[in-house]
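[1] based on what follows, work out the 3D shape:
(one chain, ligands or ions: 2)
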Amino acid sequence: MIDDKSYPCSVLLIDDEPFAEDFIAHCLEGCSDVALRYASQSERVVELAIEVDATVVLVDLRMPGADGFDVIRLLRQHRDTEHVPVILLSSEEDAEIKARAFASGANDYLVKWPDGRELAARVRYHSGAYIARKQRDEAFVSLRRSQEELAASQSALHQAQKMEAIGQLTGGVAHDFNNVLQIIGGNLQLLKLLGGVSDSARTRIDIALAGVERGARLSAHLLAFARRQPLQAVVVNPAAVLRDMDEMMRRVLGPRAVIVTDIEEQLWSTTVDPSQLNNVILNLAINARDAMADGGTLTIRAANVPVGSPMLSELASGDYVMVEVADTGCGMPQAVLQRAFEPFFTTKPTGQGTGLGLSMAYGFVKQSGGEIQLKSEPGAGTSVKIFLQRSASEPEDAEDHVQTPLFGGLETILVVEDEEDVRTSTVELLSALGYQVFEAEDAAHAVELIDSGARIDLVFSDVIMPGKLSSLELSEVVRTKLPSAQLLFTSGYAEGVLAHEGKLDAKVNLLQKPYNADVLSARIRHLLRRRKPAAVTSH
Ligand SMILES: Nc1ncnc2c1ncn2[C@@H]1O[C@H](COP(=O)(O)OP(=O)(O)OP(=O)(O)O)[C@@H](O)[C@H]1O
Ligand SMILES: [Mg+2]
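    Numbering: from 1, shown residues only. Ligands and ions are numbered 1, 2, ... in the order given. Predicted structure coming up:
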């Protein structure tokens with residue numbers, strides 16, 4: 001049975017006789033679910049059927065101009081009316097004509113003038129069938145759409161899981177690799193420092209040290225992808241970072257590329273490691289340059305993206321700042337696009353690309369709590385958008401880490417490191433620089449030393465160490481028992497111990513492994529200079 005409310009019938013009557021309208025209206029009188037619209041111009045049937053959203057068309061068979069058969073043909077030809085049921089009204093009770101009518105697509109045939117009850121029943125029957133068909137088609141389309149959405153989200157999940165697994169593996173390898181580099185680099189530096197080496201040996205040491213540095217860059221990229229690079233996030237305005245890069249961008253892109261910069265005024269701030277952001281943008285610009293061998297335009301855009309913007313995924317909450325690097329280069333085919341973020345995926349010839357640029361960008365943005373979107377089409381260029389969470393605070397003035405050449409001091413340093421080879425080379429390096437050095441293999445031994453009353457000006461400690469006491473607990477002991485001492489951490493990667501969601505507390509002093517003698521001595525001197533007056537030292 002047809003429910004009056006949910007299945008309203010919209011009847012379109014086409015007849016050259018205006019009398020027909022009165023008759024049909026009379027037949028349908030009292031049918032509150034049926035609306036009737038009459039027209040005499042049969043040529044306009046498609047337009048009218050769409051206008052009244054007809055659920056059934058009643059049409060006279062014999063008319064001047066377009067007749068009943070023509071009306072059926074017109075309706076069936078149009079996408080929006082091809083399935084609208086048609087009831088032919090005819091004065092001829094002729095089997096031949098009836099058969100022809102059904103063959104040409106009529107749904108029903110009534111001889112004029114039918115009984116009102118029969119007419120109403122047939123109108124309802126055909127309308128109901130038509131509406132049911134429409135609902136089925138709509139359900140089918142929506143089912144197909146949700147199946148496509150499901151497939152897309154499954155493939156996104158699969159991709160994310162793959163990246164996560166590669167990330168875990170990469171992070172582990174890079175961590176161990178950093179310790180190995182630290183041992184090699186530390187001992188090479190020590191060799192140089194201790195003297196007594198010939199010029200040619202010194203040259204070889206320098207070559208070996210350059211190799212260590214290359215290894216360190218590689219492992220820094222791997223850590224970045226694994227979201228484990230120690231980030232020193234501060235509040236910055238990306239506009240300032242981009243402006244500082246202007247000159248460098250022009251040099252990277254060369255004279256053949258046009259650079260367009262579009263930075264929104266009053267750009268919001270974000271909390272991010274500025275030097276890493278710089279690095280990421282530089283990598284994106286290099287990719288753009290490589291994609292625009294014959295010249296083109298590089299657009300650097302920065303804009304505020306308020307909460308709820310369609311640019312952001314549904315998961316994103318809050319306001320974001322967007323930095324986009326877009327080029328008009330060769331673009332990427334689908335197969336490259338899908339794998340572009342994977343570490344070591346490159347289409348460049350050997351020696352020209354390591355395939356770490358985009359993977360590093362991906363890891364950095366994720367670790368910084370942001371989103372990265374990559375869009376590209378062959379021949380239509382590439383756009384990489386980075387979304388970083390808006391920060392409520394104002395940018396801080398960055399503290400200048402002035403790099404100074406190797407120099408030491410007379411203070412006392414406690415080195416806490418579980419890897420013996422790393423510890424030994426560091427201790428010897430610091431001793432060679434003139435410092436008095438204590439060493440401890442873990443946090444518990446370090447505390448024992450502190451408790452014994454040794455005078456210590458600076459504690460240089462690894463972050464991840466075995467043992468009951470964590471490096472964080474050690475830092476508490478240092479704070480309470482050696483209030484005037486400085487604390488410098490070192491790590492192969494940022495673990496949860498010091499980091500909040502992968503970001504280091506701005507107050508934490510961290511030296512990334514592998515470090516070289518220059519950087520270590522400069523950081524130590526810098527911290528010792530900041531030391532509070534030693535009023536409460538425990539002797
Ligand atoms: N802007 C771009 N236009 C076209 N293709 C690009 C673009 N950026 C990246 N690609 C493609 O993605 C691949 C991976 O990029 P990614 O930056 O990770 O590595 P790479 O540039 O090959 O090497 P590396 O950055 O380590 O020197 C590239 O080899 C290239 O095929
Ligand atoms: Mg690259």
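[2] when you work out contacts or count neighbours from here on, use the C-alpha atoms and nothing else.
    Noted.
[3] distance of Val197 from Ser313?
    Per Cα to Cα, to the nearest Å, Val197 is found 59 Å from Ser313.
[4] now do Pro64
    Distance, Pro64 to Ser313, by Cα to Cα: 59 Å.
[5] swap in Ala151?
    In terms of Cα to Cα, Ala151 sits 17 Å off from Ser313.
[6] again, but for Gly369
    Gly369 is 13 Å from Ser313, by Cα to Cα.
[7] how about Arg62?
    Applying Cα to Cα to Arg62 and Ser313 gives a distance of 59 Å.
[8] circling back to that earlier point, Gly369 and Ser313: who's more crowded?
    Gly369 (17 against 11; other Cα atoms under 10 Å).
[9] tell me the secondary structure for that one?
    Recorded secondary structure, Gly369: coil (DSSP: H, G, I helix; E, B strand; the rest coil).
[10] next, give phi and psi for it.
    Backbone torsions of Gly369, given as degrees, to the nearest 10, read phi 80, psi 20.
[11] got it, and the one 5 residues further on?
    Per-residue torsions, Leu374: phi -120, psi 120 (degrees, to the nearest 10).
[12] contacting residues around it?
    337, 382-385 (Cα atoms under 8 Å, 6 or more residues apart in numbering).
[13] neighbour-wise, which one of those residues leads?
    Result: Thr382 is most packed of the contacts of Leu374 (other Cα under 10 Å), 24 neighbours.
[14] tell me which element that one is part of?
    strand 381-391 (DSSP states H and E).
[15] all strands for the stretch 51-200 of the chain, in order.
    In the stretch 51-200 of the chain, the strands defined using DSSP state E, counting those that start in this stretch lie at 56-60, 86-90, 108-111.
[16] of the ones you listed, which approaches Val235 most closely?
    With Cα to Cα, the closest approach to Val235 among the strands of the stretch 51-200 of the chain belongs to strand 56-60: 66.2 Å.
[17] quick check, pLDDT for Ser538.
    We have a pLDDT of 39 for Ser538.
[18] can you pull the contacts of the closest residue to ligand 2 within the stretch 301-450 of the chain?
    Nearest to ligand 2 in the stretch 301-450 of the chain, going by Cα to the ion, is Gly357, at a distance of 4.1 Å. By Cα under 8 Å, 6+ apart, the residues touching Gly357 are 221, 280, 283-284.
[19] which among those end up buried?
    Buried members of those, scored by 16 or more other Cα atoms under 10 Å, are 221, 280, 283-284.
[20] so Ala440 sits right up against Glu419, yeah?
    No: checked against Cα atoms under 8 Å, the pair Ala440 and Glu419 is beyond contact range at 10.5 Å.
[21] looking at the two, which one has more neighbours?
    The neighbour comparison of Ala440 against Glu419 (other Cα under 10 Å) goes to Ala440, with 19 against 14.
[22] show me what that one bridges to in the sheet.
    Under DSSP bridges, the beta-bridge partners of Ala440 are Val416.
[23] ok, now which ones touch it?
    414-418, 446.
[24] only the buried subset of those, as a ChimeraX command please.
    The following ChimeraX line selects those of those that are buried, judged by 16+ other Cα under 10 Å:
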select :414,415,416,417,418,446
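[25] any chance of the contacts of Ala440 in a markdown table, plus pLDDT and distance to Arg145?
    Converted to a markdown table, the contacts of Ala440 look like this (pLDDT from 0 to 100; distance: Cα to Cα, whole Å):
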| residue | pLDDT | distance to Arg145 |
| --- | --- | --- |
| Leu414 | 95 | 64 |
| Val415 | 95 | 61 |
| Val416 | 94 | 59 |
| Glu417 | 92 | 57 |
| Asp418 | 90 | 56 |
| Ala446 | 94 | 62 |
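[26] mind putting the contacts of Ala440 into TSV with distance to ligand 1?
    Compiled in TSV, the contacts of Ala440 are given as follows (distance: Cα to the nearest ligand atom, whole Å):
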residue	distance to ligand 1
Leu414	38
Val415	35
Val416	35
Glu417	32
Asp418	33
Ala446	41
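[27] kindly indicate which of the contacts of Leu374 lies nearest ligand 1.
    Thr382 (5.1 Å; Cα to the nearest ligand atom).
[28] could you count how many residues lie near Leu527?
    17.
[29] how about it: what's its closest non-neighbour residue?
    In space, and not counting its chain neighbours, Leu527 is closest to Gln486: 6.4 Å by Cα to Cα, 6 or more residues apart in numbering.
[30] the longest helix anywhere in the chain: how far from the chain's middle?
    Longest helix of the chain, by residue count under DSSP state H: helix 116-194. Centre-to-centre, helix 116-194 and its host chain are 12 Å apart (Cα atoms, centre = their mean, to the nearest Å).
[31] cool, and stretch 241-254?
    With Cα atoms, centre = their mean as the basis, stretch 241-254 stands 24 Å off its chain's centre.
[32] check stretch 311-326 too.
    Relative to the chain's own centre, stretch 311-326 is displaced by 8 Å; criterion: Cα atoms, centre = their mean.
[33] helix, strand, or coil at Val11?
    strand.
[34] any stretches of the stretch 251-400 of the chain with poor pLDDT?
    Filtered on pLDDT under 70, the stretch 251-400 of the chain yields the residue ranges 314-315, 396-400.
[35] so which bits of it are right by ligand 2?
    Counting by Cα under 5 Å from the ion, the residues of the stretch 251-400 of the chain lying close to ligand 2 are 287, 357.
[36] name the residues of the chain found near ligand 2, please.
    Counting by Cα under 5 Å from the ion, the residues of the chain that sit close to ligand 2 are 287, 357.
[37] domains of the chain?
    According to automatic domain parsing, the chain comprises the domains 9-114, 159-225, 238-391, 412-530.
[38] can you tell which of the ones you listed is closest to Arg122?
    Using Cα to Cα, the domains of the chain put domain 9-114 closest to Arg122, at 8.4 Å.
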